[in-house]
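[1] With the sequence up front, the predicted model follows.
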Amino acid sequence: MYRTGGQLRSFGAIASYNEQMGKCLHVGAHSALELSGFSHFVPMGRPLLMVGHPVSEVPPNWLRTCVFERELQFFSTNTFSKPQFFNRIEEGFEIAIAAPEQAFLECLLLTPTHYTYMDLYYIMEQLTTLRPEVLQSMLENTDNLKVKRMFLYMAQKAGHYWFEMLDKSKIYLGTSKYQLSKNGVYIPEYKITVPKELYDYE
């Protein structure tokens, strides 16, 4: 419900659902990065709000079908065993937001369905202030090998200072080879095939 003359707002709906139903929806992926000040994505038309939820807690139809000022796109994963969130007031409502370290990993997880690797690398170039201790914990406790390998490749390529502070010996990367792009370039260090456009980018 909302007052006469009011408007259905996405943050209000998410906050109310979490508080009244005891749920754990959070703003994630590129939306969380934008709220943290990384704004590579320029919304065209109605803005898109990426909303993460536990696999076992599927959002109700009214959240999926109501027309808000933002288009809600839901996603779920059990990949992060030690997720990192922070709470912030947005438009008068307290919202859980993925920390930038997790938000970028969520973007990689949703590639190529929602993002391209090149778009994400442009964002990676901006991520100069990520916290190495948070990244270390996230990477050690994330079970998606493709996400971890691509993250480390991008971070190394970008030359961020915090990359050198990671203890890669504690990050399990597996042994299988992954082709993340057709007709791409194979990176022996991470056993992944990346888009040629990304490999050639300087």
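    Received it, and whenever you're ready, just let me know what you need.
[2] now the closest residue in space to residue 150 that isn't next to it in sequence: how far from residue 36?
    Nearest non-adjacent residue to residue 150, counting by Cβ to Cβ, 6 or more residues apart in numbering: residue 108, 5.5 Å away. Backbone N, C-alpha and C define where each C-beta goes, glycine included. Using Cβ to Cβ, to the nearest Å, we find residue 108 at a distance of 16 Å from residue 36.
[3] now swap in residue 162 and tell me
    Distance from residue 162 to residue 36, by Cβ to Cβ: 16 Å.
[4] Using CSV, list the CA coordinates for the worst-scoring helix or strand of the chain on mean pLDDT.
    In the chain, no helix or strand scores lower on mean pLDDT, DSSP states H and E than helix 61-65, which sits at a mean of 87. C-alpha atoms of helix 61-65 as CSV (Å, rounded to 0.1, in the frame of the first residue of the first chain):
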residue,chain,number,x,y,z
ASN,A,61,5.0,-12.2,-8.1
TRP,A,62,3.9,-8.7,-6.9
LEU,A,63,7.5,-7.6,-6.8
ARG,A,64,8.3,-9.1,-10.2
THR,A,65,5.2,-7.6,-11.9
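[5] gap between that helix and the chain center?
    Taking the mean of its C-alpha atoms, helix 61-65 sits 22 Å from the chain's own mean (Cα atoms, centre = their mean, to the nearest Å).
[6] again with stretch 121-141
    11 Å.
[7] Pull the residues that contact the longest helix that the chain contains.
    Criterion DSSP state H: the longest helix present in the chain is helix 145-158. For helix 145-158, contacts defined as Cβ atoms under 8 Å, 6 or more residues apart in numbering pick out 79, 104-105, 108-109, 111, 117, 120-121, 124-125, 127, 139, 142, 162-163, 166, 168, 171-174, 176, 178, 180, 187, 189-192, 194.
[8] Please work out the average pLDDT along it.
    Helix 145-158 shows a mean pLDDT of 98.
[9] Following the chain past it, name the next helix or strand.
    Later in the chain than helix 145-158, the nearest helix or strand by DSSP states H and E is strand 178-179.
[10] Each with direction, which strands does that next one pair with?
    The sheet places strand 178-179 alongside strand 192-194 (parallel), with pairing taken from DSSP bridges.
[11] Could you pull out the helices in the chain for me?
    Applying DSSP H to the chain gives helices spanning 10-21, 29-35, 61-65, 100-109, 117-124, 132-140, 145-158, 196-200.
[12] Quick one: low-confidence residue ranges for this structure.
    Where the chain drops to pLDDT under 70, the residues are 1-7, 39-46.
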